[in-house]
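>>> predicted model follows, preceded by the sequence.
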Amino acid sequence: MSILEAINLGKSYGKKEMKVDALKDINIEINKGEFVAIIGPSGSGKSTMLHLLGGLERPSSGTIKINNIDIGKLSDRKLAEYRRKEVGFVFQQFNLLPILNVKENIELPLLLGNEVIDENYINDIIGILGLTDRKNHLPSQLSGGQQQRVAIGRALANRPSIVLADEPTGNLDSKTTDEVMNLLKESSKKYNQTLILITHDVNIARRADRIINIVDGQVQKNTNKLQNL
Ligand SMILES: Nc1ncnc2c1ncn2[C@@H]1O[C@H](COP(=O)(O)OP(=O)(O)OP(=O)(O)O)[C@@H](O)[C@H]1O
């Protein structure tokens with residue numbers, strides 16, 4: 001079942017001679033529970049695509065449908081609500097608040113959204129992420145991998161149906177990358193979440209159900225397999 005559809009999607013920045021067509025005529029469909037890796041050269045439009053899918057930016061042309069709702073047509077308030085309820089973001093920088101402990105950082109989106117905190121669910125996430133004995137630690141007392149696990153926990157706190165990750169392991173060594181990827185996959189499976197992840201790492205892309213290769217703002221055809229990478 002399709003959860004997300006992009007139809008003739010385009011995004012341009014700037015005007016006249018400064019105009020950059022970051023994405024051109026993108027058509028993709030992604031299923032519920034699917035793990036999709038987005039790959040492509042630097043500047044090809046990967047982050048732009050993730051920002052559009054997550055409602056952080058609006059398309060210049062075309063349509064994005066999430067659960068059959070055209071998110072481009074939502075008011076700013078409804079779009080913010082879509083982000084808060086449906087999407088979890090993980091970035092390369094962990095963006096944790098240094099004065100909050102692990103549990104508080106994970107609960108932060110719920111507090112900001114004035115939502116009820118389900119202690120059992122939060123503890124469940126903390127358990128899956130292997131952070132139970134670090135619950136009361138501050139970010140500065142954690143390793144890079146542990147900090148990224150907290151950032152993943154924060155992305156999962158609102159029970160999102162879609163998790164969008166932009167180079168989530170870009171700052172981690174290979175062993176920690178493996179751990180973090182296992183956790184992301186495990187949690188997306190457990191909660192039936194769609195995981196869309198940008199990576200430059202072929203080994204990570206290989207673990208996805210599907211690979212979308214973006215070159216010069218367009219999806220390359222016939223690159224579902226990685227032979228030619
Ligand atoms: N806010 C912006 N204003 C103007 N141009 C932008 C903006 N954001 C992105 N671009 C341009 O759009 C194109 C696509 O950028 P994007 O960040 O999506 O690429 P990317 O594939 O994620 O690159 P990287 O792998 O280096 O992170 C680039 O040419 C970039 O310079």
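That came in fine, so what should we check first?
>>> what pLDDT does Asp173 get?
If you check Asp173, the pLDDT there is 85.
>>> what residues does the longest helix seen in the chain touch?
Among the segments of the chain that qualify as a helix by DSSP state H, the longest is helix 174-190. Counting contacts by C-beta atoms under 8 Å, 6 or more residues apart in numbering, the residues outside helix 174-190 that touch it are 33, 35, 90, 125, 128-130, 143-145, 148-149, 152, 156, 163, 165, 168-169, 172, 193-195, 197, 201, 204, 207. Yep, even glycine has a C-beta here, placed from its N, CA and C like the rest.
>>> just the buried ones from those?
Burial by neighbour count, judged by 16 or more other C-beta atoms under 10 Å, picks out 33, 35, 90, 125, 128-129, 145, 148-149, 152, 156, 163, 165, 168-169, 172, 193-195, 197, 201, 204, 207 from the contacts of helix 174-190.
>>> and the ligand, which of the residues you listed contact it?
Among the buried ones among the contacts of helix 174-190, no residue sits close to the ligand (C-beta under 6 Å from any ligand atom).
>>> just to revisit the earlier point, mark which of the contacts of helix 174-190 are part of helices, please.
Among the contacts of helix 174-190, the subset assigned to helices under DSSP H consists of 125, 128, 144-145, 148-149, 152, 156, 204.
>>> beta partners of the residue nearest to the spatial centre of the chain?
In the chain, the residue lying closest to the centroid (C-alpha atoms, centre = their mean) is Leu164, at 1.1 Å. When assigned by DSSP bridges, Leu164 has beta-bridge partners Phe89, Ile196.
>>> my guess is it contacts Glu86. True?
No - Leu164 is beyond contact range of Glu86, at 10.3 Å (criterion: C-beta atoms under 8 Å).
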